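> After the sequence you'll find the predicted model.
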Amino acid sequence: MSRRRKLTEEERELWSRVAASTTPFHPKRPVSAETEPDPKASKPAPKVPRPEVKDFRIGQSSPDFAFRHDLAPSIAEHLARQPVVMDRKAHRAMTRGKLEPEAKIDLHGMTLAQAHPELIRFILNAQDNGRRLVLVITGKGKKGLDDGPIPQRQGVLRHQVPQWLRLPPLGAVVMRVDQAHLKHGGSGAYYVYLRRLR
């Protein structure tokens, strides 16, 4: 490492004249070459210790929500969860296909606008005629053409009919709705058990 050379008398005199004729931008800084700090002599900034990073996998400490997916139950599961308010013996015989429906309506192929008034008329007439167990055929529905990321329900009528049967004016007439036995149409039909007309 080479040592800094000192200024000669002539160089000092020349520097003094130049320095006297100038106005410094930073008056607090040293104006003499001898008093200027040596950049090599300045101490390096202390090293900040880097934190130790252990091996990790993205998302390793996040909670696992895989078990919490709340998938909508099938229509049959939803109907089966409803409390049984009719005679249990009759209910068991009905769901096993051992009770024969007294009347039936086929809504298969109708639009929602056509099917709703037909269903209301059929159910109210059936109750007026003293019938208890009727069969409503909806069909299983066609698979939609759209195979996009959002699943579409198959069988619009099949999903809509149980809702109509819970709403007025049919809600007060219907005692129980169950998916029909395979013998009577399976998932494409419903048993509708009606209240007695008082």
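Cool, got the structure.
> residue boundaries of the strands in this structure?
103-106, 133-137, 174-179, 189-194 (DSSP state E).
> what about the lengthiest helix in the chain, distance to the chain center?
Longest helix in the chain, counting residues (DSSP state H): helix 112-128. Taking the mean of its C-alpha atoms, helix 112-128 sits 36 Å from the chain's own mean (C-alpha atoms, centre = their mean, to the nearest Å).
> ok, now stretch 178-194?
For stretch 178-194 - counting by C-alpha atoms, centre = their mean - the centre lies 32 Å from the chain centre.
> Can you tell me what sits against that stretch?
75-76, 79-80, 86, 90-91, 94-97, 99, 101, 108, 123, 126-127, 131-140, 155, 158, 161-162, 165, 173-177 (C-beta atoms under 8 Å, 6 or more residues apart in numbering). The way it works is simple: take the backbone N, C-alpha and C, and place the C-beta from them, glycine included.
> Show me which of these are buried.
With neighbours counted by 16 or more other C-beta atoms under 10 Å, those contain buried members at 75, 79, 86, 90-91, 94-95, 99, 101, 108, 123, 126-127, 131-139, 155, 158, 161-162, 165, 173-174, 176-177.
> just to revisit the earlier point, want to throw the strands of the chain into a markdown table with distance to residue 14 and mean pLDDT?
Shown next, in a markdown table, are the strands of the chain (distance: least, C-beta to C-beta, whole Å; pLDDT from 0 to 100):
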| stretch | distance to residue 14 | mean pLDDT |
| --- | --- | --- |
| strand 103-106 | 115 | 96 |
| strand 133-137 | 113 | 96 |
| strand 174-179 | 108 | 94 |
| strand 189-194 | 110 | 95 |
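> Many thanks, have a good one.
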